[in-house]
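A.B. asks: I would like the atomic coordinates for the input below:
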Amino acid sequence: MSAGRVWLVVGMAVVCLNTGCAQVKPWEKGQLARDDMQAGGPYVMAGVMHEHVFSSKEASRGGNGVGGGGCGCN
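C.D. replies: Below you'll find the model as predicted:
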C-alpha cells in the first residue's frame with residue numbers, strides 16, 4: 001500500500017470512530033442515570049442471583065466468578 005492510501009484509511013477510521021462521540025447535556029443526564037439505563041437493566045441483582053443459582057446447579061460448568069463447588073457453598 002502506498003503512503004497516501006494508508007493515510008486515507010487512517011483518516012476514514014478516525015472519522016468513523018469520532019461519530020460515536022457526543023457531549024451529554026446537563027438536562028439529559030437524568031435520563032441516563034435511571035435504573036433501566038444501567039448496564040444489565042433495572043434488575044441487576046436478579047440476574048446475578050439467577051447466574052449464581054444456575055452455576056450452582058450445573059456442577060460440570062465453569063466457575064463464572066463464583067467460588068466453591070457445584071453445591072453452591074463457598
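A.B. asks: for the chain, which residue is closest to the average position?
C.D. replies: What sits nearest the mean C-alpha location of the chain, by C-alpha atoms, centre = their mean, is residue 39, with 6.4 Å.
A.B. asks: Show me the shaky parts of this structure.
C.D. replies: Residue ranges of the chain with pLDDT under 70: 1, 40-42, 57-74.
A.B. asks: need the longest helix for this structure.
C.D. replies: Identified as the longest helix of the chain according to DSSP state H is helix 3-18.
A.B. asks: residues of it that come out buried?
C.D. replies: Using 16 or more other C-beta atoms under 10 Å as the test for burial, helix 3-18 gives no buried residues. All C-beta spots, glycine's among them, are computed from the backbone N, C-alpha and C.
A.B. asks: Show me how far it is from its chain's centre.
C.D. replies: Here helix 3-18 is found 27 Å from its chain centre; the criterion is C-alpha atoms, centre = their mean, to the nearest Å.
A.B. asks: who touches the helix or strand just after it?
C.D. replies: Per DSSP states H and E, helix 3-18 leads on to helix 29-32 as the next helix or strand towards the C-terminus. Contact partners of helix 29-32, identified using C-beta atoms under 8 Å, 6 or more residues apart in numbering, comprise 24, 37.
A.B. asks: Quickly note the distance from the residue nearest to the centre of the chain to residue 46.
C.D. replies: 14 Å (C-beta to C-beta, to the nearest Å).
A.B. asks: Repeat that for residue 29.
C.D. replies: 26 Å.
A.B. asks: do residue 56 as well
C.D. replies: Distance, residue 56 to residue 46, by C-beta to C-beta: 16 Å.
A.B. asks: Thanks a lot, catch you later.
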